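Visitor: Kindly return the folded structure for what I paste below:
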Amino acid sequence: MVRELAALAAGLMMIASSAAPAPAPAPAEPVTFVPGAAGVGDPYYPLQGNGGYDVGHYDLRMRFDPDDHEVNATTTITATAVQNLSRFNLDFSGPPISAVTVDGARAEYRRDGQELVVTPSKGLRSGSTFTVVVSYAGTPKAVSDATGRQGWIRTKDGAFVASQPDGARSWFPSNDSPADKATFSFQVSAPEDLTVLANGERTGTDHADSDGYRTVRWEMRQPMAPYLATVAIGRFVVDEGKVDGVPNVTAYDPSLKDKSKNLHDVTAKAVAWGTRLFGPYPFSSTGGIADGDGSVTALETQGRPVYSGGPTNDSEIVHELAHQWFGDSVGVRSWRDIWLNEGFATYAEWLYQEQHGGPAAQEIFDRHYRQTGHFWHLKTGDPGQAHMFDEHAVYLRGAMTVHALRVKIGDKVFFPLLKTWVRDHSHGTATTAEFIALAEKMSGQNLRPFFDAWLYQAAKPRL
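Guide: Purely as a prediction, here's the structure:
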């Protein structure tokens, strides 16, 4: 009997225990949302780029009216938050805005100089993907600073875009940092008698609508920095072909025929040559666009460089196409390292001449090394914002640095180094420090004193 009572008591205790309510869960920690930074802290352009998110794709749609040079446009940005965002900035100084939405909901926005400050209806959690749609209309205007005029460039029959280093904000909202690459799609409507070109591959052309406007679509499938995005609208002579299986699309304004008649053939020749020297061509199409009056510089817009006023010579075409490897595929993370773009592209000109019946690279180097005075007054590796495109300090002395490295480590290391650099950082970004580290690894030499003398001293290095 005692055993039965004990068993009954134990059973009742188990039933009572199972019926007891579970303890209440601890209250969740409140999520704190904070604003994204208004810039990424580039030493030359502190407000360029924005903190708190990473862009994955831009979809640019616009209708262009050549009579008043106005656009009616919508830019859709797909991005991922990298912090809990209460608000975020876009770089945009373009036409008046009519609406901004985030994930389909109306968002508050205000303009603060070149910044577009967006406050979504609710916070964006870190790791979440979100979509921003900005609608705007008006006449885009180029941006000007110490480096020149850039961005949306008006022409007699249309427009073209050359945005380095700070002009992307003139025509579409973006995270305009060279460090934040994304894929792009373009949908541009213009009168059917005008040609529309852009980066990448043409993916469709619609029949003209009742107003005589035709829509053309292009897509850049490889990641691209915003400053390398372009559209060109106008009357063009277009040539199409292939080089090593890669589509080659070139176009020139008929008024630039004398300068541009060889653009298509030289482009094909330069791409084939670069592929042998630097490794596989990094994009799925190539080409070039000659437009404008030469009042702005040529630019290595990704996959299809723009030549304002037409290319001046074959070397200019070689230079801009070399950038497809050095500057476009392997981009700079900071504008301070611009010599990585311009020095290598200029040295490509020297190599091309050396291998095509022109002077040897050593001969060109020697001619420049004899210069004195002003030629040596800036630091190639940190020339300052106002001088980041200085012909002497960045282009020529950048190329001289590359050649001096070639002499120091020898051709058997130097040419594989070029291919390895491009391969290791394909479609990404890199720094001077990373290039020095790779050169030291492949050569087995301590190259810090060498690079210090050539890049970070405003003085003529000793040979």
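Visitor: Show the pLDDT at Pro30.
Guide: Per-residue pLDDT puts Pro30 at 82.
Visitor: host element of it?
Guide: Element membership for Pro30 (DSSP states H and E) is empty, with no helix or strand holding it.
Visitor: Same question for Met62.
Guide: Using DSSP H and E, Met62 sits in strand 53-65.
Visitor: May I see the buried residues of that strand?
Guide: Tyr53, Val55, Tyr58, Asp59, Leu60, Arg61, Met62, Arg63, Phe64 (16 or more other CB atoms under 10 Å). Bear in mind the C-beta positions are built from the backbone N, C-alpha and C, glycine included.
Visitor: what's the answer for stretch 385-400, then?
Guide: 385, 387-390, 392-400.
Visitor: swap in stretch 207-216?
Guide: Quick answer for stretch 207-216 (16+ other CB under 10 Å): Tyr213, Arg214, Thr215, Val216.
Visitor: who does the second one bridge with?
Guide: Counting by DSSP bridges, Arg214 forms beta bridges with Ala190.
Visitor: Who are the contact partners of it?
Guide: Residues near Arg214 by CB atoms under 8 Å, 6 or more residues apart in numbering: Ser189, Ala190, Pro191, Glu192, Thr205, Asp206, His207, Ala208.
Visitor: Repeat the analysis, applying 10 Å as the threshold.
Guide: Neighbour list for Arg214: 188-196, 205-208 [criterion: CB atoms under 10 Å, 6 or more residues apart in numbering].
Visitor: how far away is it from Tyr456?
Guide: As judged by CB to CB, to the nearest Å, Arg214 and Tyr456 stand 53 Å apart.
Visitor: try the last one
Guide: Using CB to CB, one obtains 47 Å as the distance from Val216 to Tyr456.
Visitor: same check, this time on the third one
Guide: When CB to CB is the yardstick, Thr215 and Tyr456 sit 50 Å from each other.
Visitor: Nearest residue to Arg235 in space, please, no chain neighbours.
Guide: Asp157 (5.3 Å; CB to CB, 6 or more residues apart in numbering).
Visitor: That should have said Pro35, apologies.
Guide: Closest residue to Pro35 apart from its sequence neighbours, by CB to CB, 6+ apart: Arg87 at 4.8 Å.
Visitor: For the one you found, the count of nearby residues, please.
Guide: Arg87: 20 surrounding residues under other CB atoms under 10 Å.
Visitor: Same question for Arg106.
Guide: Arg106 has 11 neighbours, counted by other CB under 10 Å.
Visitor: same thing with Thr230?
Guide: Neighbour count of Thr230, defined by other CB under 10 Å: 28.
Visitor: That one touches Val161, doesn't it?
Guide: Yes. Here Thr230 reaches Val161: they are 4.3 Å apart, a contact under CB atoms under 10 Å.
Visitor: list residues touching both of those two?
Guide: In contact with both Thr230 and Val161: Ile153, Ala168, Trp171, Ala198, Asn199, Ile289, Leu299, Thr301, Val306, using CB under 10 Å, 6+ apart.
Visitor: Bridged to the fourth one, which residues?
Guide: Listed by DSSP bridges, the beta-bridge partners for Ala198 are Val231.
Visitor: doesn't Val188 make contact with it?
Guide: Yes. Counting by CB under 10 Å, Ala198 touches Val188, with 7.0 Å between them.
Visitor: more neighbours, these two?
Guide: Relative neighbour count places Ala198 above the other of Ala198 and Val188, with 27 against 24, counting by other CB under 10 Å.
Visitor: So for Glu70, what's the nearest residue that isn't a sequence neighbour?
Guide: Spatial nearest neighbour of Glu70, chain neighbours left out: Thr139 (5.2 Å); criterion: CB to CB, 6+ apart.
Visitor: hang on, I meant Val40
Guide: Counting by CB to CB, 6+ apart, Val40 lies nearest to Gly49, which is 3.6 Å off, once chain neighbours are set aside.
Visitor: Check Gly52 too.
Guide: Nearest residue to Gly52, sequence neighbours excluded (CB to CB, 6+ apart): Gly36, at 2.5 Å.
Visitor: mind listing what Pro359 touches?
Guide: The neighbours of Pro359, taking CB under 10 Å, 6+ apart as the test, are Trp350, Gln353, Phe365, Asp366, Arg367.
Visitor: Please report which of these has the highest neighbour count.
Guide: Counting neighbours by other CB under 10 Å, Trp350 leads those with 24 neighbours.
Visitor: Any figure for the gap between that one and Asp390?
Guide: From Trp350 to Asp390 the distance is 18 Å (CB to CB).
Visitor: what's the burial count for Leu85?
Guide: If you count neighbours by other CB under 10 Å, Leu85 ends up with 25.
Visitor: does it have beta-bridge partners, and which?
Guide: Val34, Leu124.
Visitor: Same check on the one 4 residues further on?
Guide: Beta-bridge pairing of Asn89 under DSSP bridges involves Val117.
Visitor: so it touches Arg169, yeah?
Guide: No. The pair Asn89 / Arg169 is not scored as a contact, 11.0 Å apart, by CB under 10 Å.
Visitor: element containing Lys122, please.
Guide: Assigned by DSSP H and E, Lys122 falls within no helix or strand.
Visitor: Could you look up the SS state of Lys460?
Guide: Of the three states, Lys460 takes coil under DSSP: H, G, I helix; E, B strand; the rest coil.
Visitor: give me every residue that touches Val402.
Guide: Residues in contact with Val402 (CB under 10 Å, 6+ apart) are 326, 339-340, 343-348, 350-351, 361, 365, 414, 418, 454.
Visitor: What is the three-state secondary structure of the closest residue to Asp145 other than its chain neighbours?
Guide: Spatial nearest neighbour of Asp145, excluding adjacent residues (CB to CB, 6+ apart): Asp166 at 6.4 Å. Following three-state DSSP, we place Asp166 in the coil state.
Visitor: how close does Asp166 sit to Ala198?
Guide: Taken as CB to CB, the span from Asp166 to Ala198 is 20 Å.
Visitor: swap in Pro280?
Guide: The span separating Pro280 from Ala198 equals 23 Å under the rule CB to CB.
Visitor: rewinding a little: of the contacts of Arg214, which is the nearest to Pro30?
Guide: Using CB to CB, Val188 is the member of the contacts of Arg214 that sits closest to Pro30, with 45.6 Å.
Visitor: The closest one in helix, strand or coil?
Guide: Once three-state DSSP is applied, Val188 turns out strand.
Visitor: Can we start the residue count at 20 from this point?
Guide: All right, first residue 20 from here; so that's Val207.
Visitor: Ser279 versus the nearest residue to it once chain neighbours are set aside, what's the distance?
Guide: Closest residue to Val207 apart from its sequence neighbours, by CB to CB, 6+ apart: Val215 at 4.6 Å. The gap separating Val215 from Ser279 is 18 Å, by CB to CB.
Visitor: Fine by me, thanks again.
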